[in-house]
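Chemist: coords please:
(chains A, B, C and D)
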2 protein chains.
Amino acid sequence: MTTPTSDWLRLDQQICFSLNAASRAFNGVYRVILKDLGLTYPQYLVMLVLWERGDLPVKKLGEHLRLDSGTLSPLLKRLEAAGLVRRERSARDERSVEVRLTEEGTALRESALQVPRRIAAATGCDVEEIRALRTRLDELTAALDAATLEEKA
Amino acid sequence: MTTPTSDWLRLDQQICFSLNAASRAFNGVYRVILKDLGLTYPQYLVMLVLWERGDLPVKKLGEHLRLDSGTLSPLLKRLEAAGLVRRERSARDERSVEVRLTEEGTALRESALQVPRRIAAATGCDVEEIRALRTRLDELTAALDAATLEEKA
DNA sequence: CACAATTCAGTTGTGCACAACTAAATTGCC
DNA sequence: GGCAATTTAGTTGTGCACAACTGAATTGTG
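Modeler: From the prediction side, this is the model:
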């Protein structure tokens, strides 16, 4: 039992639409919830990394988030304008810029503590389901990243 | 056995990073594969809907894709500039704009037929796994959309 | 019929993703 | 020590998402 080629296109429509929609729906929930904190979703990701790991150079931040300087540089400028971080040229290596939490940025973590519970509630999943989904997504990302490199070659 | 509040933040970092990364990884694979067709991922989504449903007004297109005119108007202009669609004011209702496939746009479907197989290969999943993931994502989207409305209220 | 409310596409402005590039600092190699 | 290759941020340009708004056409109601 094989699937006609033209039906593959319909299936692709469904899966890639579903993924796109899910991603944007998640974004939408975060947008609403993060509005109180004055953060966008990508800005929240950056703050999470800084709260977790402490001050980091832009390069390291980018590695954790898989984002390049083209995305991070303007984003960090906005976080700096909002008073949440400072950016300081490293003395040891003048190419590098250290991103440091300000007091205000550190303090914001307290308000952020309520975010995950609200997000979890919005998904309607329990912690184990979320963990399972995360694992599934990570596998997928790994496969896709590997495939992207192959396709490019 | 309960989880400390501060660990929730770490879990949130993981799940929202994973989702974001998966979404971008998918985008990356599509970007590489669609390059041959001269389409971006969102443009491909629009073409899929048009191939599937035939000519549609912008409004209907937006409902299928959950995109508003702010996103679609410029995107459709680019598809028109590429010669894949035409946009024509409806005679019956002058507010409405019909998006019609050109011959070139219709013909592109033939080249697109190979895309889904390449994407499926990139995910490393079989058809059933893809279907299951799709179902999971649709459930999630439904829950998230409902929650977004609640949060806004 | 008249006119307020709604619908529809489009525009504007902000922010993100990413490719391609620049400029400056550092490292490695001879 | 000197110089090419690499590393690091940043900039520029394109495209998408979305909120807020505009303007024109249509619909509904008195």
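Chemist: now the angle between helix B:5-34 and the longest helix seen in chain A, please.
Modeler: As assigned by DSSP state H, the longest helix anywhere in chain A is helix A:5-34. In terms of direction (axes from the mean of the first three to the mean of the last three CA atoms, to 10 degrees), helix A:5-34 departs from helix B:5-34 by 150 degrees.
Chemist: and the following helix or strand past helix A:5-34, C-alpha only, in PDB?
Modeler: Secondary structure here is assigned by DSSP states H and E; on that basis, the next helix or strand after helix A:5-34 toward the C-terminus is helix A:41-53. Presented in PDB, the C-alpha positions along helix A:41-53 are these (Å, rounded to 0.1, in the frame of the first residue of the first chain):
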ATOM      1  CA  TYR A  41       9.900  35.900  23.800                       C
ATOM      2  CA  PRO A  42      13.400  35.900  22.400                       C
ATOM      3  CA  GLN A  43      14.400  38.500  25.000                       C
ATOM      4  CA  TYR A  44      13.000  36.200  27.700                       C
ATOM      5  CA  LEU A  45      15.100  33.300  26.300                       C
ATOM      6  CA  VAL A  46      18.200  35.500  26.700                       C
ATOM      7  CA  MET A  47      17.300  36.500  30.200                       C
ATOM      8  CA  LEU A  48      16.700  32.800  31.200                       C
ATOM      9  CA  VAL A  49      20.200  32.000  30.000                       C
ATOM     10  CA  LEU A  50      21.700  34.900  31.900                       C
ATOM     11  CA  TRP A  51      19.800  34.100  35.100                       C
ATOM     12  CA  GLU A  52      20.900  30.500  34.800                       C
ATOM     13  CA  ARG A  53      24.600  30.900  33.800                       C
END
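Chemist: Show me which parts of helix A:41-53 are buried, residue by residue.
Modeler: If you call a residue buried by 16 or more other CB atoms under 10 Å in any protein chain shown, then helix A:41-53 has these buried ones: A:41-51. Quick note: C-beta positions are derived from backbone N, CA and C, even for glycine.
Chemist: Roughly how far does A:Arg92 sit from DNA strand D?
Modeler: Between A:Arg92 and DNA strand D the distance is 11 Å, computed by CB to the nearest atom of the strand, to the nearest Å.
Chemist: what's the answer for A:Glu150, then?
Modeler: From A:Glu150 across to DNA strand D, the span is 22 Å (CB to the nearest atom of the strand).
Chemist: repeat for A:Gly38
Modeler: If you go by CB to the nearest atom of the strand, the gap between A:Gly38 and DNA strand D works out to 14 Å.
Chemist: tally of neighbours for the nearest residue to that residue once chain neighbours are set aside?
Modeler: Sequence neighbours aside, A:Ala82 is the residue nearest to A:Gly38 in space, at 6.5 Å (criterion: CB to CB, 6 or more residues apart in numbering or on different chains). Burial of A:Ala82, expressed as a neighbour count using other CB atoms under 10 Å in any protein chain shown, amounts to 15.
Chemist: With A:Leu149 instead?
Modeler: Residue crowding around A:Leu149 was assessed by other CB under 10 Å; the count is 11.
Chemist: ditto for A:Asp55
Modeler: Taking other CB under 10 Å as the neighbour definition, A:Asp55 ends up with a count of 14.
Chemist: that older thread, confidence score at the residue nearest to A:Gly38?
Modeler: The confidence metric pLDDT takes the value 97 at A:Ala82.
Chemist: again with the one 10 residues further on
Modeler: Confidence per residue is given as pLDDT, and for A:Arg92 that number is 92.
Chemist: Give me the three-state assignment for it.
Modeler: With DSSP: H, G, I helix; E, B strand; the rest coil as the basis, the three-state label of A:Arg92 is coil.
Chemist: same question, the one 3 residues further on
Modeler: Following three-state DSSP, we place A:Arg95 in the coil state.
Chemist: buried set for stretch A:52-63?
Modeler: Within stretch A:52-63, the residues scored as buried using 16+ other CB under 10 Å are A:56-58, A:61-62.
Chemist: Please read the previous query as pertaining to stretch A:60-76.
Modeler: Within stretch A:60-76, the residues that count as buried by 16+ other CB under 10 Å are A:61-62, A:64-65, A:67, A:72, A:75-76.
Chemist: show me what contacts A:Leu65?
Modeler: A:45-46, A:49, A:72, B:17 (CB atoms under 8 Å, 6 or more residues apart in numbering or on different chains).
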